[in-house]
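Have a look at this fold, sequence not included:
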């Protein structure tokens, strides 16, 4: 099989796409990754040793503006380039994780009648997948609740997660966490200023022995977060890092009792894998409020509490944090619910879906 993998703009789209690219390559398939040159996918593919073809494409703004017309023209040109790439390489299938970087490959695949499989990660799909879902062979889902947005075949596969996390989670299931309370705070691949500010204050207030904090600020916010922490006389039990790679994140999650985080699908899936309950502060500007709706699924499992960013204060965060950290039974029940919801074999399920769909008809004109 010659598989085109696409999806990008942010790490939430890129990482799961890369996992499928790696799995497909390990199974002996030929793989190329198509995406935007302005997203994270190009560098991520170079780091992973996966062939990357990039296009000048970005998010579509309002069409009836000079900027919007320019965006549309770039998309048309990128789609033409993607069509030549797919036809020239002889692509059999296209797998997409969404985001603006996936648009050209998906439009090109439709024009060439190449089978398309989508991984819709959120409860509410973005514009690109909402359109592509009309002609996709199958839509793989992280949240079953997203099925109502698609008319064709859907299957819940879960989110393909990075190998170091899967390995460490299997070990963590048979080991005990450290004594005391360990809180992990992270706001996605770019960090979140609102979370950083509230967590700094709460960590200072509850910085007694036994309460340890690991705050992942995001690379761009690291210096300002550290400076603010020093002004507040940060305790030795409060660690700040700009970023965690897959191995470091796996080790952190294996120690975590409760997390404070955004509610992207990747974040939720990683927390569920390790059975970590969360205090979610959904990104308020996510498309159609999908992070809030993602978080609601986990809240209904009894494994999360949601604080809207407009209501986030150190006092509110501390109160909710104490509700979780002072009730070990509640955390244990939540952990079991999360592990039942988790899908550690998501990558395998997606590959089975891809392998079960006939290749593109190479005899067509």
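Received, thanks. These numbers were taken from a predicted model, which means no experiment stands behind them. Residues are numbered from 1 along each chain as shown.

what mean pLDDT does the helix ranked longest in the chain have?
Secondary structure of the chain per DSSP state H: the longest helix is helix 66-89. The average pLDDT for helix 66-89 rounds to 88.

which is the next helix or strand following it?
strand 93-96 (DSSP states H and E).

which non-adjacent residue is nearest residue 167?
Among residues not flanking residue 167 along the chain, residue 250 sits closest, at 7.3 Å (CB to CB, 6 or more residues apart in numbering). Where C-beta positions appear, they are placed from N, C-alpha and C, glycine not excepted.

and that neighbour, how many neighbours does it have?
Counted with other CB atoms under 10 Å, the neighbours of residue 250 add up to 24.

The helix or strand encompassing it: which residues count as buried?
Residue 250 is part of helix 246-255 when elements are defined by DSSP H and E. Neighbour-count burial for helix 246-255 flags 246, 249, 250, 251, 252, 253, 254, 255 (criterion: 16 or more other CB atoms under 10 Å).

what's the distance between residue 245 and residue 282?
Going from residue 245 to residue 282 by CB to CB, to the nearest Å gives 25 Å.

correction: residue 210
Distance from residue 210 to residue 282, by CB to CB: 29 Å.

And for residue 224?
Applying CB to CB to residue 224 and residue 282 gives a distance of 23 Å.

which one of the two has more residues nearby?
Per other CB under 10 Å, whichever of residue 224 and residue 282 has more neighbours is residue 282, with 22 against 14.

List the contacts of the more buried one.
Residues near residue 282 by CB atoms under 8 Å, 6 or more residues apart in numbering: 262, 263, 289, 291, 292, 294, 295, 306, 308, 309.

following whichever helix or strand the fifth one is part of, which helix or strand shows up next?
To tie it back to what came earlier, the one meant is residue 292. Assigning secondary structure by DSSP H and E places residue 292 in helix 290-300. Sequence-wise, the next helix or strand downstream of helix 290-300 (DSSP H and E) is strand 304-306.

Now do stretch 309-325, average pLDDT.
On average, stretch 309-325 scores 96.

List the contacts of that stretch.
By CB under 8 Å, 6+ apart, stretch 309-325 touches 181, 183, 194-195, 198-199, 201-202, 205-206, 211, 257-258, 260, 277, 279, 281-284, 305, 307, 330-331.

Write a ChimeraX command that selects only the buried members of the residues you listed.
A single ChimeraX command selects the buried members of the contacts of stretch 309-325 (16+ other CB under 10 Å):
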select :181,183,195,198,199,201,202,206,211,257,258,260,277,279,281,282,283,305,307,331
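
Go through the contacts of stretch 309-325 and flag which are in helices.
Using DSSP H, these in helices are 194, 195, 198, 199, 201, 202, 205, 330, 331.

Closest to residue 121 out of these?
Ranked by distance to residue 121 (CB to CB), these are led by residue 195 at 20.7 Å.

what's the neighbour count on the residue nearest to the closest one when sequence neighbours are not counted?
Leaving aside its chain neighbours, residue 195 sits nearest to residue 187 (4.7 Å; criterion: CB to CB, 6+ apart). Using other CB under 10 Å, residue 187 has 24 neighbouring residues.

Contacts only, for residue 187.
Counting by CB under 8 Å, 6+ apart, residue 187 has contacts 193, 194, 195, 196, 216, 217, 218, 261, 262.

Of these, just say which sits nearest to residue 55.
For the contacts of residue 187, the nearest to residue 55 is residue 218 (26.8 Å; CB to CB).

Tell me the confidence at that closest one?
On the pLDDT scale, residue 218 gets 88.

Would you confirm that it contacts residue 242?
Yes: with contacts counted by CB atoms under 8 Å, residue 218 reaches residue 242, the gap being 6.7 Å.

Can you pull out the low-pLDDT segments for this protein?
For the chain, the stretches flagged by pLDDT under 70 are 60-64, 67, 173-179, 188-191, 207-209, 362-365.

so where do the helices sit in it?
Counting by DSSP H, the helices of the chain are 11-26, 41-48, 66-89, 103-112, 127-132, 163-172, 193-205, 222-231, 246-255, 265-274, 290-300, 314-325, 328-341, 346-355.

Could you check which of residue 218 and residue 242 has the larger neighbour count?
Legend: neighbour count by other CB under 10 Å for residue 218 and residue 242, higher for residue 218 (20 against 15).

any idea how far that one is from residue 183?
17 Å.

Specify the residue ranges that define each domain of this protein.
The chain breaks down by automatic domain parsing into domains covering 2-161+345-355, 164-341.

residues contacting residue 345?
By CB under 8 Å, 6+ apart, the neighbours of residue 345 are residue 158.

again, only this time at 10 Å
By CB atoms under 10 Å, 6 or more residues apart in numbering, the contact set of residue 345 is 157, 158, 160, 166, 351, 352.

Can I get the buried ones among those as something I can paste into ChimeraX?
Per 16+ other CB under 10 Å, the buried members of these correspond to this ChimeraX selection:
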select :157,158,160,166,351
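
Compile the contacts of residue 345 into JSON lines and extend it with columns for distance to residue 140.
Formatted as JSON lines, the contacts of residue 345 follow (distance: CB to CB, whole Å):
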{"residue": "157", "distance to residue 140": "4"}
{"residue": "158", "distance to residue 140": "8"}
{"residue": "160", "distance to residue 140": "9"}
{"residue": "166", "distance to residue 140": "18"}
{"residue": "351", "distance to residue 140": "11"}
{"residue": "352", "distance to residue 140": "10"}
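
Which members of the contacts of residue 345 are the farthest-apart pair?
166 and 352 (17.0 Å).

Residue 94 is in contact with residue 102, correct?
Yes: Residue 102 is in contact with residue 94 according to CB atoms under 10 Å; the separation is 8.8 Å.

Residues that sit against both of these two, list them.
In contact with both residue 102 and residue 94: 5, 6, 34, 82, 118, 132, using CB under 10 Å, 6+ apart.
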